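Novice: Got a sequence here, can you build the structure:
(one chain, ligands or ions: 2)
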Amino acid sequence: MAPPATTTTTTVTEAPAFNSQDFQRYKKYGKFGVRETQPVGSIVGDFDSIPVIDVSGIYSDELSDREAVAEKIRDACMRVGFFYVEGHGIPQDIVDGVFDIGKRFFALDFDDKMECFINNTPHYRGYTPLYGAGKANAEGLGNANEAFDWGHDSKLNDDPNETFIDPHMRGENVWPTKLPELEERLSDYYRRLRAFCRTLTRNLALSLGLKEDWFDPLLTHPGCSAVVAHYPPQPKDKIHFGIDPHTDSEFCTVLATDEVRALEVLNKDGIWVSAPPRKGCFIVNIGDQLQSYTNGLYVSTFHRVLNYSGEERYSIPFFMSTNFETVIRPIEKFVPPGSQVEYDDITAGEMYKNAMIKFHQIAKKHPVFSKYLKEGVHDEEYENQAHFHS
Ligand SMILES: O=C(O)CCC(=O)C(=O)O
Ligand SMILES: [Fe+2]
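Specialist: Residues are numbered from 1 along each chain as shown. Ligands and ions are numbered 1, 2, ... in the order given. Predicted structure coming up:
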C-alpha cells in the first residue's frame, strides 16, 4: 500500500485536448456547459487543490454552526464542485467493512460474479466486469475497473407512502449467491450514507439561501445508488482510463477511497488536479442534478481516474439522487428575470437511466461479455434512442 497522503493535493497532469462535445453532452438537462457560458471573471474552476471542510456543524442545533459550514460549502460548490468532508460521523470501521466485503466479492470466480451481470437487469444493478463499461478504446474495451452497483429498491425504501411512479429505475437489487453477507453489509452502508446525504442536503439548501428543508419533499424515497469499484494498477506508458472524464449525473456524490491516489479533477485551465486520499474523509462532489437545480451556480465538475500507483485500488462512490419521479429543472430563484433557460422535462430516474445506458454499451458489443447477455431484459427501442440522443 502507498503511504497515506499527508498533503491536500498537488497538480499532476496536463489534460489531453478536451472534446468540447463533452461539455455539451448534457446541456439539455440544464445549464450544463457552465464553464463555457460563465462570464469573464467567474470563479468556476479556479482551484489547484480540493478544499477540506469539517462538516460536524451540520448536526448542530445552533443555526450559527450550520451557517458556518454552509458558507464554506457554498464557496467550494461554486468554485470547485468538489470538497473533502471530515466530521461526517460515519465510523471508519463501517467504511472499512464495505471495502473488505467488496474485496471478497471481487475475489470470486468470474462466472460467480457474472451471475449478477449488470447488463442483465433493466435498471442496471449488479456486476460490471473489468473493461466492460465506459467509452470503448481501439480494442473495443472500456474502463479499467470492475464494479458492483446497488441502490434504491423495495427493501431499501424507507418511505411508507412511496408509489415510485417513475418506471425507469424501478426494480430490485441483485446479490451474489456465493457471498450472502454482501447484501446486509451494503444495505447498512446505504442507509447510513442516505441519512448523511439528507442532512448534508439541508446544509446545501442553507448554503443556497433556501429554507433548510427545501429539498426534503424531493428526498422522501431518494433514488440513491452506490458502487464498490476495483481499479487494478495500470501501465504508465499509455492512457487507459480507470474511468474516463465525466461528470456525475446525480445530485451529489459521497466518495470513500482507500489509500491509493488515482482521482483527478479538471480545473478551468484544463489541468487535472489530484484529489489524493485523506484519512477519515469522504470526497463530496456536485452532480448534474444539483447543477441544474441551481442553474449552474453550483458546478458539476469533470473528473477521471487513472491508477498509475502500481497498487490495487478500491473506492465506494455513493450517488445521491432526488426521488426518481422528480422533474429536474432550475429553481426559479436562480433564473435571472427575463432569461431563457434550456432544460427538458426529464425525471431524475430517466436522467439516471440514460446515463447508465450510455455507460453500459460495451457489453453488448464485445464478445467476451456479450455471450453472458440474456434475451428480452431491455426495451431496445428506448435504449437505442437514449443512447444516440444528445
Ligand atoms: O473512484 C473514484 O475515485 C471516482 C469514481 C467516479 O468518479 C464515479 O464512479 O463516478
Ligand atoms: Fe464520477
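
Novice: Could you use CA atoms for every contact and neighbour count after this?
Specialist: OK.

Novice: Need the pLDDT of the nearest residue to residue 115 once chain neighbours are set aside.
Specialist: Nearest residue to residue 115, sequence neighbours excluded (C-alpha to C-alpha, 6 or more residues apart in numbering): residue 176, at 6.8 Å. Here, the pLDDT recorded for residue 176 equals 98.

Novice: Isn't residue 176 up against residue 113?
Specialist: Yes. Shown here, residue 176 and residue 113 form a contact pair, counting by C-alpha atoms under 8 Å, at 6.8 Å.

Novice: Between these two, tell me which one has more neighbours.
Specialist: More neighbours surround residue 113 than the other of residue 176 and residue 113, with 23 against 19 (other C-alpha atoms under 10 Å).

Novice: Show me which residues of this protein sit near ligand 1.
Specialist: Contact residues (C-alpha under 6 Å from any ligand atom) of the chain with ligand 1: 248, 263, 305, 315, 317.

Novice: Specify the local secondary structure of the last one.
Specialist: Just to be clear, that refers to residue 317. Three-state call for residue 317 (DSSP: H, G, I helix; E, B strand; the rest coil): strand.

Novice: oh, and call the first residue 604 from now on, that's how I've got it
Specialist: OK, 604 is where the count begins now, so the last one is residue 920.

Novice: quick one, what contacts it?
Specialist: Contacts for residue 920 (C-alpha atoms under 8 Å, 6 or more residues apart in numbering) come out as 829, 830, 831, 856, 857, 858, 859.

Novice: what about the stretch 804-953 of the chain, any weak spots by pLDDT?
Specialist: For the stretch 804-953 of the chain, applying pLDDT under 70 flags the ranges 943, 945-947.

Novice: before we move on, the earlier item: how about the contacts made by the residue nearest to residue 718?
Specialist: When contacts are counted by C-alpha under 8 Å, 6+ apart, residue 779 touches 715, 716, 718, 719, 785.

Novice: Now rank these by neighbours and give me the top one.
Specialist: Most neighbours among the contacts of residue 779, by other C-alpha under 10 Å: residue 716, with 23 neighbours.

Novice: Skipping its backbone neighbours, what lies nearest that one in space?
Specialist: Residue 716 sits nearest to residue 730 (C-alpha to C-alpha, 6+ apart), 6.4 Å away.

Novice: host element of that neighbour?
Specialist: strand 729-731 (DSSP states H and E).

Novice: Check which helices and strands that strand sits against.
Specialist: Using 3 or more C-alpha pairs under 8 Å, 6 or more residues apart in numbering; DSSP states H and E, the elements in contact with strand 729-731 are strand 749-754.

Novice: Next secondary structure after the strand it packs on?
Specialist: Taking DSSP H and E, what comes next after strand 749-754 is helix 784-810.

Novice: could you check the angle strand 749-754 makes with that following helix?
Specialist: Between helix 784-810 and strand 749-754, the angle comes out at 70 degrees (axes from the mean of the first three to the mean of the last three C-alpha atoms, to 10 degrees).

Novice: who does helix 784-810 touch, helix- and strand-wise?
Specialist: So helix 784-810, by 3+ C-alpha pairs under 8 Å, 6+ apart, packs with helix 666-682, helix 695-709, strand 916-923.

Novice: Rounded mean pLDDT for the first one, please.
Specialist: Taken as a whole, helix 666-682 carries a mean pLDDT of 97.

Novice: Please enumerate residues in contact with the helix or strand just after that helix?
Specialist: As assigned by DSSP H and E, the chain's next helix or strand after helix 666-682 is strand 685-689. With C-alpha under 8 Å, 6+ apart as the test, strand 685-689 has contacts from 653-659, 676, 679-680, 881, 883-889, 904.

Novice: Inside strands: which ones of those?
Specialist: 655, 656, 657, 885, 886, 887, 888, 889 (DSSP state E).

Novice: who touches the fifth one in this structure?
Specialist: I take that to be residue 886. 685, 686, 687, 688, 856, 857, 858, 859 are the contacts of residue 886 under C-alpha under 8 Å, 6+ apart.

Novice: let's see it at 6 Å
Specialist: If a contact means C-alpha atoms under 6 Å, 6 or more residues apart in numbering, then residue 886 has 686, 687, 857, 858 as its contacts.

Novice: ok, now the first one?
Specialist: Under the criterion of C-alpha under 6 Å, 6+ apart, the contact partners of residue 655 comprise 686, 687.
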